[in-house]
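**Q** the following comprises the amino acid sequence and a computationally predicted model.
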Amino acid sequence: MRKVIFITFIFLSSCAHFIGPRELYYTIMPLKKPEAPHYYLEDLYDGLFTGYDYVKNEFAPEYVDSVYVMIEEQYRKELLELGLPEDAYQRREVIKWALYFARHANAKINARLKRGAPYLPYIKRRLKEEGMPEALAYLPIIESAFRHNALSRMRARGIWQFMRSTARKYGLRVDWWMDERLDPYKSTDAALRYLKDLYNMFGSWDLALAAYNAGEGRVLRALRRSGGEDFFDLKRYLKRETREYVPKFLALVLVINNPEKFGTNIIMPEEKEVEFDTVIVPRQVNISLLAKWAGISEKEFRRLNPSFLRWATPPYLRNFPVRIPKGRKNLFYARMRATPRSKWYKALAHRVRRGESLWLIARRYGVSVYALKKANRIRNARYLRPGQILVIPVGPGLGKRYAKRSGKIIKSGSGYHRVKEGETLWSIAKTYGVSVKALKRVNNLKTSRIKPGDILKIPKRSGTTEKSRFAHGFRYHKVKKGETLWSIARKYGVSVNTIKKLNHLRTSRIKNGELLRLPLKNYVHVKRNKARGVKYYTVKRGDTLWKIARETGVSIEKIKKINGLVSSNIRPGQVLKIPKES
């Protein structure tokens, strides 16, 4: 008999290695008995899934009793309300995730609870009104981590992760102008209606949750194939994400509601609902103006009204509600009445010229053709006529950038440059005598891509005076109309190749207004080197060391020595140090 018991014990212990993942080898809670300071999760699994009496006899009774009883009570009180059957083997996945959360996910759960604290009171109140389990309030923790702007790889959005089609089915508006999936309050109402419909369809909350994740059709097909009645019967016919989705959520509820018994440091934040007033706006208004009427920043206004995507409210809305901070309703209405309606809505406008297309206009203003069509309600891009006025859509935070394109004149010397057709960052940097890196830095550009009409800030050059320019052995020439590289080279007595090398030109093509760097025609003194007794001379076409030595009164050997020259070969544009004769 003893041999049978011993062999059974060895077999069950080895099975644990196949049942649990690697996470099972972490300790969860110290025991009260000093001789056995820790339990392994593997042992706790064995106890829960191979028999309660076995665990009670093998390990510390006071600890195992408390954990087992706690789990049983919790299932009866909350988890069974969600539709989970009373079967220890089927609860294996739930306990696995509960112990994993207790060990590894404390910080993440705390962060998500804190992020959801402003919305949890509203969600719980609505669940109570609908007669639904309060535990469903924690579903956004798994869905979106309570991020209102969360976007999944399947393009589901919001704290409840609605797909576009499902959102529209349950009354949420999703279009180019606005996306009510981003609104935590409106999306909550829609999500509860959807969950309730799923519960009425399947008759249990575990199947309703599986359908919320995978879709009704997939769960119905899995039910038909399995012939079962609950989630665990059809589990193997579902994709992996859904197989883990329901146990994860049930385990999360278990851990959040019993932090002390699981030995976690999960702290329930103070659930203080955001207080706000609702005002009615009669027609389309710029978001910046709405924020000004409420006496808050545009960022704060968008936090209260996250469903507005563009620079203004949609043109089709009439007498629609807007949220503002509590206590500012009278101020809002007073400022709204004081503002003429002609100033409520402003946008960039473009008059179509002959030969222009939507693609060309979209490229000029840096927007998509789709955005232009939506903003102007254009169905067919071919029906565009000269003289037609188009509204140019501007997204949040881009108003200032595009306002500079709408006809404002950039004065010369103002420190700004309007990008013209064909210009690049390199050509602009060369024109103003600055580096591409400096241009990108002051304009917060990650790449070198720019568009015609963009306004670029030009950084100040260090040492831009004529004296400092000549101190480095260079002068600058601004290309005039009709000039060529050959005429400029002839004018300054240098070669075309020298100009091309100094300005990194691959071809001889230059443009009107371009700034070219040129070598000095003759030597100049540099103040910082006066104490050293050195002057500089720029080599011209036809110069030789013998000729320069004769003009400066310095021997060829001294010139070669101070410049580190091995031979007497020199080239036009080269700057030579000339020692002063004492």
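**A** All right, it came through fine. Residues are numbered from 1 along each chain as shown.

**Q** from here on, just use CA atoms for contacts and neighbour counts.
**A** Will do.

**Q** quick one, what contacts the closest residue in space to residue 364 that isn't next to it in sequence?
**A** For residue 364, ignoring the flanking residues on the chain, the nearest one in space by CA to CA, 6 or more residues apart in numbering is residue 452 at 5.9 Å. By CA atoms under 8 Å, 6 or more residues apart in numbering, the residues touching residue 452 are 364-365, 418-423.

**Q** try 10 Å this time
**A** Going by CA atoms under 10 Å, 6 or more residues apart in numbering, residue 452 touches 363-366, 405, 418-424.

**Q** residue 518 too?
**A** Listed by CA under 10 Å, 6+ apart, the contact partners of residue 518 are 473-477, 488-489, 492, 494, 498-503, 573.

**Q** follow-up on the earlier one: helix or strand for the residue nearest to residue 364, which one?
**A** Counting by DSSP states H and E, there is no helix or strand that carries residue 452.

**Q** read off the pLDDT value for it.
**A** Model confidence at residue 452, given as pLDDT, is 73.

**Q** do a quick rundown of the helices in the stretch 351-500 of the chain.
**A** All helices of the stretch 351-500 of the chain, identified by DSSP state H, counting those that start in this stretch, fall at 358-365, 369-376, 399-403, 425-432, 436-442, 466-471, 485-492, 496-502.

**Q** export stretch 96-105 as PDB, just CAs?
**A** Output of stretch 96-105 as PDB, limited to C-alpha atoms (Å, rounded to 0.1, in the frame of the first residue of the first chain):
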ATOM      1  CA  LYS A  96      -3.000  30.200 -13.100                       C
ATOM      2  CA  TRP A  97      -3.600  33.700 -14.300                       C
ATOM      3  CA  ALA A  98      -4.600  34.800 -10.800                       C
ATOM      4  CA  LEU A  99      -1.300  33.600  -9.300                       C
ATOM      5  CA  TYR A 100       0.600  35.100 -12.200                       C
ATOM      6  CA  PHE A 101      -1.100  38.600 -11.700                       C
ATOM      7  CA  ALA A 102      -0.400  38.300  -7.900                       C
ATOM      8  CA  ARG A 103       3.300  37.700  -8.600                       C
ATOM      9  CA  HIS A 104       4.100  39.800 -11.700                       C
ATOM     10  CA  ALA A 105       1.500  42.400 -12.600                       C
END
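
**Q** how far away from the center of its chain is it?
**A** Stretch 96-105 has its C-alpha centroid displaced from the chain centroid by 29 Å (CA atoms, centre = their mean, to the nearest Å).

**Q** off-centre distance for the helix or strand hosting residue 111?
**A** Here residue 111 is covered by helix 106-116, with elements defined by DSSP H and E. Centroid separation between helix 106-116 and its chain, computed with CA atoms, centre = their mean, is 20 Å.

**Q** contacts only, for residue 370.
**A** Applying CA under 10 Å, 6+ apart to residue 370 gives the contacts 176, 358-359, 362, 378, 381.

**Q** next one: residue 239
**A** 214, 218.

**Q** can you give me phi and psi for it?
**A** Dihedral pair for residue 239: phi -70, psi 160, per degrees, to the nearest 10.

**Q** report pLDDT for it.
**A** Note on residue 239: pLDDT of 89.

**Q** and for residue 232?
**A** pLDDT recorded at residue 232 is 80.

**Q** just checking, what packs against the helix or strand where it lies?
**A** Taking DSSP H and E as the definition, one finds residue 232 inside helix 231-234. Packing partners of helix 231-234 (3 or more CA pairs under 10 Å, 6 or more residues apart in numbering; DSSP states H and E): helix 205-214, helix 216-226, helix 240-257.
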